[in-house]
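*Asks:* Compute the structure for the input listed below.
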Amino acid sequence: MKYNIIYFINFLIFLFLIGCSKSNVSVDGVNVDNTKTEIKRITIYTAEENSENIWCIGWPGYYCAGTDYIHFDENIPKLSEEETEYLISYVESIPKPNENADDSNCICRIYLSVNTGNCNSSVCGSVYGDYPEGKDEFCKIINNICGGDKEYLNMNGNMQEMTDEYFTVLTGYTDDMISGGTIRDVIEHLGIDNTVECYQYFLKNWYYQDILNNYELCRLLPYKICSVPSTDDECYEYAKLLADELGVTSAITKNGSEFAEQEWYEFEYNQKIVRVYRTELVSKDIENKGGVVDSDTQCYKIFERVDYGELEGGNVLDFVYSNDCKFAAAVEYDYKDNYKTIYEVGTAARKID
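*Replies:* Model (predicted):
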């Protein structure tokens, strides 16, 4: 389930001001009502087929067509009060998805930033399946305020297939630009099923460039949370196989964390401790920690709570899965190491059947 991840994109966070008031202000001695409702920003992500390859609208600023961010003309139409009311009511009519909603089925996300008097708020809607009645009028208003010169939004319900060719349209990348893999490898490894899911990579400070430019490493890293049953004995045997593959002859011991209720087998490699977890036991912890991700590669990390006395804190570990996803081999994150150790551990893990 990636539903919680997408909503945390920094680009889409709206600030709420507390203490909204409905009052009049005096301008040149005349009382003016400052409670007028206005839409300050409209953000729409669509996973639908579009002849212009438009997948994002950020009115009144820009829209995205393929890899291009195109600014709207300064003279684009404004919203009337009636149109404002309609857009808000329509987005509010979109049914709320359940907590287990599959984002690969999300065809459109709409965010309205609304101002009423001294109060800022947001109205959001995510469409899974069919649009509510009234989509034609919504679409007409959006296309008009974007300039009316093309079909910025169509709400046709036809999901754009995430083909290799369309991925190139969105990113500009081709197979020969991806070291260690292909576009198809990237799509399947990152779990990108449609454009709405893509934007968690495309719009977060261009993280997708970091991933694609460094895919030799990222192809080993986890972009989904796996949980496959295993036994403690199997975990120990896998730790021995991994140690052998890395050329380690030191002892393998069992350890654990009192505060995170985690346990693992560990051994020393190149002056670093390599841990081997059972994914069956650690996957819930990864998810419940909010899905901690790497700041550069956007892959998942393992978080271990540690007692620092009066201060709370924890260890953050890079990890890779075994080929059968029963185990997670991890090393504590060290920016000086620059992913060298986890790359070597990951490469060794891929060689174990």
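
*Asks:* measure Ile70 to Val169 for me?
*Replies:* Distance from Ile70 to Val169, counting by CB to CB, to the nearest Å: 15 Å. Quick note: C-beta positions are derived from backbone N, CA and C, even for glycine.

*Asks:* what's stretch 274-285 in contact with?
*Replies:* 225-230, 232, 235, 238-239, 242-243, 246, 248, 255, 260-268, 302-303, 317, 319, 321, 325-331, 341, 345 (CB atoms under 8 Å, 6 or more residues apart in numbering).

*Asks:* just the strands in the stretch 1-150 of the chain please.
*Replies:* 24-27, 30-33, 37-46, 54-59, 62-65, 68-71, 106-116, 119-128 (DSSP state E, counting those that start in this stretch).

*Asks:* And the stretch 251-353 of the chain, by the same measure?
*Replies:* Going by DSSP E, counting those that start in this stretch, the stretch 251-353 of the chain shows strands at 253-257, 262-269, 272-278, 302-308, 311-321, 327-332.

*Asks:* Output those strands as a markdown table; include the columns distance to Pro95.
*Replies:* Listed next are the strands of the stretch 251-353 of the chain as a markdown table, based on distance: least, CB to CB, whole Å:
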| stretch | distance to Pro95 |
| --- | --- |
| strand 253-257 | 41 |
| strand 262-269 | 38 |
| strand 272-278 | 39 |
| strand 302-308 | 34 |
| strand 311-321 | 36 |
| strand 327-332 | 37 |
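
*Asks:* from those, which stretch is densest packed?
*Replies:* strand 327-332 (a mean of 25; mean count of other CB atoms under 10 Å).

*Asks:* by how many degrees do it and strand 262-269 diverge?
*Replies:* 70 degrees (axes from the mean of the first three to the mean of the last three CA atoms, to 10 degrees).

*Asks:* can you dump the C-alpha coordinates of strand 327-332 into CSV?
*Replies:* C-alpha atoms of strand 327-332 as CSV (Å, rounded to 0.1, in the frame of the first residue of the first chain):
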residue,chain,number,x,y,z
PHE,A,327,15.5,-11.7,4.7
ALA,A,328,16.8,-8.2,4.9
ALA,A,329,20.5,-7.6,5.1
ALA,A,330,21.3,-4.2,6.6
VAL,A,331,24.1,-1.9,7.6
GLU,A,332,23.8,1.3,9.7
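
*Asks:* Partner strands of that strand, with direction?
*Replies:* strand 272-278 (antiparallel), strand 311-321 (antiparallel) (DSSP bridges).

*Asks:* got a list of contacts for the last one?
*Replies:* Going back to what we said before, that points to strand 311-321. Contacts of strand 311-321 (CB under 8 Å, 6+ apart): 220-222, 226, 260, 275, 277, 279, 292, 294, 299-306, 327-333, 339, 342, 345-346, 349.

*Asks:* same question for it, mean pLDDT?
*Replies:* Averaged over strand 311-321, pLDDT sits at 80.
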